[in-house]
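Trainee: After the sequence you'll find the predicted model.
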Amino acid sequence: MWSNVFERQYHKLEGATQDELDRLVKTWNEKLSPQEIAGIAERQKNPFPVNDPLHEEYKPFDPSLWDLPQKKLPDSYLDFLRYSNGGEFTTGDRYFQFFGTKELREYNLAYEFPEYMAGSVSIGMDGCGNHYILDMRDDMIEDEYPILAAHSGNLGYEDEEGFTTCKQVALSFPELCKGTTSIDEELNED
């Protein structure tokens, strides 16, 4: 199926082995390890200069409180990983940089998804800083989660003023892959 979905395969990788998929399914949403927590805590720095009034208000978040969604990954996504364990593809103006089995957890922790978009997991990006995100806040519908898109610099469901910062771009992983418009265009539509 997947060989007929994408118009171009810029960087198709060897498919994930069953052992790699089993490891992913077992470990992608485990509780954070002490090493992961320490690494995330160490990266946090007060972004405000000392003379800025917000400097005193800055409070780092506590990654030990984070939870990754305790739900199963869609079979369609796992099937894709059997075809290509990550990689780069296009369909129309839509560009994909999918995370492989070893990168999924790493990228979600690096972009602090459990803090900014609890209940969701990024499965890749579009080359312009936008994430493709499985929205796991609700149960699957017909074995699929809706797919959201959000920019790395503005992750969240809504901002402090209550404006939506992400957008649903597909009802399923296969629908996402068959879409032809760039995610930048979709996020910037009114």
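Mentor: Happy to help now that I have it. Values in this document were obtained by computation on a predicted structure and should not be read as measured data.

Trainee: distance of the nearest residue to Asn46 once chain neighbours are set aside from Gln44?
Mentor: Distance criterion C-beta to C-beta, 6 or more residues apart in numbering; nearest residue to Asn46, sequence neighbours excluded, is Tyr58 at 4.5 Å. For the C-beta atoms, the positions are set from N, CA and C on the backbone; glycine is no exception. When distance is defined by C-beta to C-beta, to the nearest Å, Tyr58 is 9 Å away from Gln44.

Trainee: got the buried residues for stretch 4-20?
Mentor: Taking 16 or more other C-beta atoms under 10 Å as the neighbour-count basis, stretch 4-20 is seen to contain the buried residues 6, 9, 12, 15-16, 20.

Trainee: Going by residue numbers, what spans are strands in the chain?
Mentor: 8-12, 87-91, 94-98, 120-125, 130-135, 147-151, 166-170 (DSSP state E).

Trainee: got the angle for the third one vs strand 120-125?
Mentor: Relative orientation of strand 94-98 with respect to strand 120-125: 110 degrees, computed using axes from the mean of the first three to the mean of the last three C-alpha atoms, to 10 degrees.

Trainee: Please list all residues in contact with the residue nearest to Asn46.
Mentor: Tyr58 sits next to 46-48 when contact means C-beta atoms under 8 Å, 6 or more residues apart in numbering.

Trainee: tell me the phi and psi of it?
Mentor: Tyr58 has phi and psi values of phi -60, psi 130 when expressed as degrees, to the nearest 10.
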